[in-house]
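Q: Okay, predicted coordinates and the sequence, questions at the end:
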Amino acid sequence: MFRVNLLQIKKKKKFAFIKLDFWVFIVVFVCSVGISLGVWMLMEKNITVLENIKNKKLSQYNSLQKKIYKVKNLEKTIKELQNRIAVIKKIRQKQNLPIIYIDEIVSAIPENKLWFTFFDLSSGGKVNLRGIALDNQALAFYIDRLKKAAHVKQVEILLTNRKRVGKYEFVEFNCVVNMGKKS
């Protein structure tokens with residue numbers, strides 16, 4: 001006798017676990033590709049933002065460099081102008097010196113006791129004086145006052161002579177006065 005089993009026998013699938021692993025692999029792969037693409041797009045966006053910032057900073061740097069160049073040129077011009085002003089001030093001070101020298105020489109004269117017959121002021125501040133004094137005391141008084149003056153460095157008497165004019169006797173003198181600031 002034959003027996004026939006009409007019920008279907010379930011066969012064990014040999015490769016069922018492979019299908020499950022394959023789908024897990026595919027899902028993991030797709031997720032990792034998606035995450036990688038997301039990270040890559042985020043990095044690209046960050047790179048673009050940083051490049052824009054870099055370009056802005058470079059343009060600011062270039063504009064500031066132009067301003068720095070202008071400022072340096074202005075500073076150079078200011079220094080040149082300050083040097084010119086200093087030279088002009090020195091020239092003006094030197095222009096006033098002869099007036100100051102003459103004033104000190106004249107203001108030291110004792111009134112009605114001393115007269116100049118020759119007065120020569122050189123550009124170096126050397127004054128050659130010749131004149132007549134009433135007496136030796138008047139001349140000595142004048143020389144002492146000159147030596148105390150602010151801009152008189154040295155007084156050198158070259159010559160003193162007695163000179164008779166009519167019934168009066170005077171002292172004729174010749175001296176050199178070195179003018180300038182005292183040390």
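A: Received the coordinates, thanks. Residues are numbered from 1 along each chain as shown.
Q: residues in contact with Trp40?
A: Residues counted as contacts of Trp40 (C-beta atoms under 8 Å, 6 or more residues apart in numbering): none. No exception for glycine: its C-beta is placed from N, CA and C like everyone else's.
Q: how near is it to Ile53?
A: 20 Å (C-beta to C-beta, to the nearest Å).
Q: same question, Lys153
A: 70 Å.
Q: These two: which has the busier surroundings?
A: Lys153 (15 against 10; other C-beta atoms under 10 Å).
Q: Now that one: closest residue in space that isn't a chain neighbour?
A: The shortest distance from Lys153 to any non-neighbouring residue, by C-beta to C-beta, 6 or more residues apart in numbering, is to Asn178 (4.5 Å).
Q: Tell me if I am right that the one you found is in a strand.
A: Yes. Checked against DSSP: H, G, I helix; E, B strand; the rest coil, Asn178 lies within a strand.
Q: Hmm, Lys147 and it touching each other?
A: No. Taking contacts as C-beta atoms under 8 Å, Asn178 lies outside contact range of Lys147: 11.1 Å.
Q: on that earlier part again, ok, now which ones touch the residue nearest to Lys153?
A: Gly125, Lys126, Val127, Val152, Lys153, Gln154, Val155, Glu156.
Q: Could I get the phi/psi values of the first one?
A: Note on Gly125: backbone dihedrals following degrees, to the nearest 10 are phi 90, psi 20.
Q: and it, what does it touch?
A: Applying C-beta under 8 Å, 6+ apart, the residues near Gly125 are Leu97, Tyr101, Asn178, Met179, Gly180.
Q: Any idea what the third one is bridged to?
A: For Asn178, the beta-bridge partners under DSSP bridges are Lys126, Gln154.
Q: if I look at it, how far off is Tyr101?
A: For Asn178 relative to Tyr101 (C-beta to C-beta), the value is 10 Å.
Q: what do these two both touch?
A: With C-beta under 8 Å, 6+ apart as the test, Asn178 and Tyr101 both reach Gly125, Val127.
Q: Which of the contacts of Asn178 sits closest to Ala133?
A: Val155 (13.9 Å; C-beta to C-beta).
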